[in-house]
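S.K.: quick one: sequence and predicted model below, then my questions.
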Amino acid sequence: MRVTAAELLAEVPDLAEHEARRLLLLAADEAAAWLIGNPEVDSATARRFRGFVNRRRSGEPLQYIEGSVVFGPMEIRADERALIPRPETERLWELALAEVPGAPAVVVDLCTGSGNLALACKHSFPDAMVYAIDVSPAAIELAKANGTQLGLEVDFRIGDLFDALPRRLRGAVDLLISNPPYVAEAEIDTLPREIREYEPLQALVAGAGGTEVLARIAADGVEWLSPGGVIACEIGETQAGCCLELFAAYDPRIERDLAGRARYVLGRAPQRRRVH
Ligand SMILES: C[S@@+](CC[C@H](N)C(=O)[O-])C[C@H]1O[C@@H](n2cnc3c(N)ncnc32)[C@H](O)[C@@H]1O
């Protein structure tokens, strides 16, 4: 039996209207303009729509159901292998671009997940060598697929932070960018269910305190950055004070997200290396 789009949307008053519309467009494989004029919907599309609605009702993030997310200038594939790229992280990329003087030759993205930051940097700096590391083989598989899909060449590597980088990059990295895990173990229970149950915990939780991975990046980054090289990391909103201390070697400053929360630490490596 055929139903109209409006009738189908009226079946799901419990979903936000924009989400229900997006799921219907996904089921129909149509763009937004299709909904104008309240088209009739065939039974296969209606069945697909109701299936998507059931997945959303059970808490699956909309972006995983849609299978993609817009990040900066690109559409990135998103699935359970990596964290869903967030608008806050897009802001990190914008801040880093504004901070880098000219075109960097070498860019490193630590904790790359779906590859969003590394790919956005390669898009902005096409001549740069971009390296991206993640400890999760599944995340790197997704990141590589994103690179291929977008035609952007990034050297994606599995490994633990700097361990996965070629030694010859020591002292040569012009931009070090990272959105690492920064949630404390005790905070897991306070996360929304759709994050806790669907997104990889390894992507979120850093350790008992929350700043463990940031601390390692801050401690080792100075050896990898070129003189004056830029470091830019996303942080938790209660971690600004701690991060100013952790990143003291970089003459750091804190930047805020669009909601006014202190969410980024930016700094530069010293112009001259200390001689030991
Ligand atoms: C918060 S997610 C960020 C993903 C992506 N950069 C983004 O902005 O959406 C953190 C990522 O760090 C990875 N990770 C955690 N510990 C790591 C480590 N020691 N070395 C490398 N990657 C790590 C996780 O697998 C996860 O993909």
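M.R.: Cool, the structure landed.

S.K.: now the helices for the stretch 51-200 of the chain?
M.R.: 62-66, 87-99, 116-124, 137-150, 193-198 (DSSP state H, counting those that start in this stretch).

S.K.: could those helices be laid out in JSON lines, adding mean neighbour count?
M.R.: For glycine as for every other residue, the C-beta is placed from the backbone atoms N, C-alpha and C. Conversion of the helices of the stretch 51-200 of the chain to JSON lines gives the following (neighbours: other C-beta atoms under 10 Å):
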{"stretch": "helix 62-66", "mean neighbour count": "18"}
{"stretch": "helix 87-99", "mean neighbour count": "19"}
{"stretch": "helix 116-124", "mean neighbour count": "26"}
{"stretch": "helix 137-150", "mean neighbour count": "19"}
{"stretch": "helix 193-198", "mean neighbour count": "14"}
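
S.K.: weakest of those helices by average pLDDT?
M.R.: Sorting the helices of the stretch 51-200 of the chain by mean pLDDT places helix 193-198 lowest, at a mean of 88.

S.K.: quick check, the helix or strand that that helix is followed by touching the ligand?
M.R.: Remark: after helix 193-198, the chain's next helix or strand is strand 205-207, criterion DSSP states H and E. No: interface with the ligand: strand 205-207 contributes nothing (C-beta under 6 Å from any ligand atom), its closest point being 7.4 Å away.

S.K.: which single residue in the stretch 1-150 of the chain comes nearest to the ligand?
M.R.: residue 113 (2.4 Å; C-beta to the nearest ligand atom).

S.K.: now that residue: how far from residue 69?
M.R.: Here the distance between residue 113 and residue 69 works out to 11 Å (C-beta to C-beta, to the nearest Å).

S.K.: shared neighbours, those two?
M.R.: Common contacts of residue 113 and residue 69 (C-beta atoms under 8 Å, 6 or more residues apart in numbering): residue 85.

S.K.: so for these two, which sits in the more crowded spot?
M.R.: Remark: of residue 113 and residue 69, residue 113 carries more neighbours, 30 against 20, as counted by other C-beta atoms under 10 Å.
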